[in-house]
Structure formats: structure tokens, C-alpha cells
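Q: Predicted model and sequence below, questions to follow.
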Amino acid sequence: MVKGAGKEPSLVDTHCHVDLYPDPYELVRRIEAAQVYTIAVTNAPSVFRQTAALVDGKRFVRPAIGLHPELASQRANELNLMWQYLPKTRYVGEVGLDYTTTTSHSERAKQRKVFEAIISRCHEAADKVLTVHSRSAAEDVVDAFGESFQGVVILHWYSGSRRALSKAISRGFYFSVNTAMIGSKKWLNMLKLVPREQILTESDGPFVRNAGAPARPEDVASVARALAKRWETTEPESRKLLYQNFARLLRNKPVS
Ligand code: MN
């Protein structure tokens, strides 16, 4: 993905639902024009093939195979399809746990079972990059990976406890930040605790909206700008650091 990149540090969107925009083809054209490296996450294995075809041959977009936690128990039968597609891409997401939408213990247990199966397959593959949802379930998400997971974990739109945050930091997990997060006091306070080397950017479009319109990958530029301010550095330096973080995770090297 990084090979052949220009001299200017490129922007990166590690979590975008490309297939859920009103006109995904138009979005892909915009991504290629803006040259923002984008991970196109999917919410179910049954839509992976279509998304992979949509971005096939594109320089800046890669498809991810996912099973969203809110669909996990109802679509557990799609896991076989997931195992079939897993060798076709390095990127996995959106996967994870979400305890906001269900208080049922059995539903939560079903989500965990699916998530643990995905983690186990990714651990075997050893080179996967996972973009992970953890709403109201951060402790269980971090614990599910254990201490020696082989692969890269990106916690997308993290909003959990400080305890789970520090555990995730010590395990070398990354945190992808979007435009909604940089407007949140709670997140900005947590951001101070996260080493810069573990920060990435995401749009989470079309779910995140900016000025009434779905966020797009190019909007990560404003996240890089906000981070520069927080880090008391220049915008080019912030972009450079964010790009280096992405390049490092692609090499599957631990955060030093
Ligand atoms: Mn998402």
C-alpha cells in the first residue's frame, strides 16, 4: 500500500464504510484523486465481494473483511464465508463487541464467541490489520486479544474506560481518531494519555457527519490539523508522524 507513495506524507483513513455511501463509485474516485490511503471496512462477509470489486485495482483503497458486532449473532452463519475471504485481504473490520444495543447475557456471549473465533483465525494468519469496534465493551475487547496476539489491532472510535485504555496502550494497540472525537472533551482528555506513535486517523463515514454531510476520507486532514494543535507541533509534522505510524503497522513492527 505504501510503496510508490510520493514524498509528501499521505493522509490515511483506517476506517471508512465505502460501500454505504449513496454513490460509492464517486467516493472511490474522490479517494484516488485526494490520494488518501483508505481501508474500506465492511459489516458482513456477504458484502465483501462487492466491496472488493468496487475498489479492485485502485491504488489508495483496500477492502477489509468484517462482521459488525451488532450483526454478529444474527449472521454467525456467515463465518464460513469470512474464513473463505480472509486469505484474500490483510485487512479485517469492522469487527468487535458492542454492549450498548443489548443487555442480554446470551446475546453478548454470542458476540464474544464470533469475535474470539475471528481473533483466533487472525492470530494464526499473524499479519492481519484489524479495525475494531468496542462501544461499551472496551475491557472485554482488549482482554479478548490476550497478551500475545499476532497482528495489528486498531481500536476505532475508542470511548471506553481509562483502565482498558492503558492496557491497550501497553499492548501496542493503535487508536484511530475521527472528526467527532476531536470535538469530544472526554476523548481529548484521554488523548493526552496515548503515545503519539499509537495514533491514527479515520473518517468512519458515512456514519460520522461533518457540517450535515457524511464524513469523507479527505476529512482526516482536519483531524491531523487538530492533533497538530494538541501535540503543539506543525501540521506537516503531525501528518508525517501519522503516516509513519501507518507505515510501521504495515511492517507489523511493535511500537518501540
Ligand atoms: Mn464503523
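A: Sure thing, it's come through. Numbering: from 1, shown residues only.
Q: so Gln111 sits in a strand?
A: No: Gln111: not assigned to a strand; according to DSSP: H, G, I helix; E, B strand; the rest coil it is helix.
Q: Can you tell me what sits against stretch 190-198?
A: 158, 162, 165-166, 169, 172-175, 177, 199, 230-231, 241, 245, 248, 255-256 (C-beta atoms under 8 Å, 6 or more residues apart in numbering). Bear in mind the C-beta positions are built from the backbone N, C-alpha and C, glycine included.
Q: which of the residues you listed count as buried?
A: If you count burial by 16 or more other C-beta atoms under 10 Å, the buried members of those come out as Tyr158, Leu165, Ile169, Gly172, Phe173, Tyr174, Phe175, Val177, Ile199, Leu241, Asn245, Arg248.
Q: Out of the contacts of stretch 190-198, which are close to the ion?
A: Applying C-beta under 5 Å from the ion to these, one finds that nothing falls near the ion.
Q: Which ones among the residues you listed map onto strands?
A: Tyr174, Phe175, Val177, Ile199 (DSSP state E).
Q: if we can go back for a sec, and of the buried ones among the contacts of stretch 190-198, the nearest to the ion?
A: Proximity of those to the ion (C-beta to the ion) peaks at Tyr158, which lies at 12.5 Å.
Q: ok, the closest one - contacts?
A: With C-beta under 8 Å, 6+ apart, Tyr158 has these contacts: Ser134, Ala138, Leu165, Ala168, Phe175, Trp187, Met190.
Q: Neighbours of the fourth one, how many?
A: By that I understand Ala168. The burial count assigned to Ala168 is 25, neighbours taken as other C-beta atoms under 10 Å.
Q: close enough to count as contact, it and Leu155?
A: Yes: counting by C-beta atoms under 8 Å, Ala168 sits close enough to Leu155 to count as a contact (6.0 Å).
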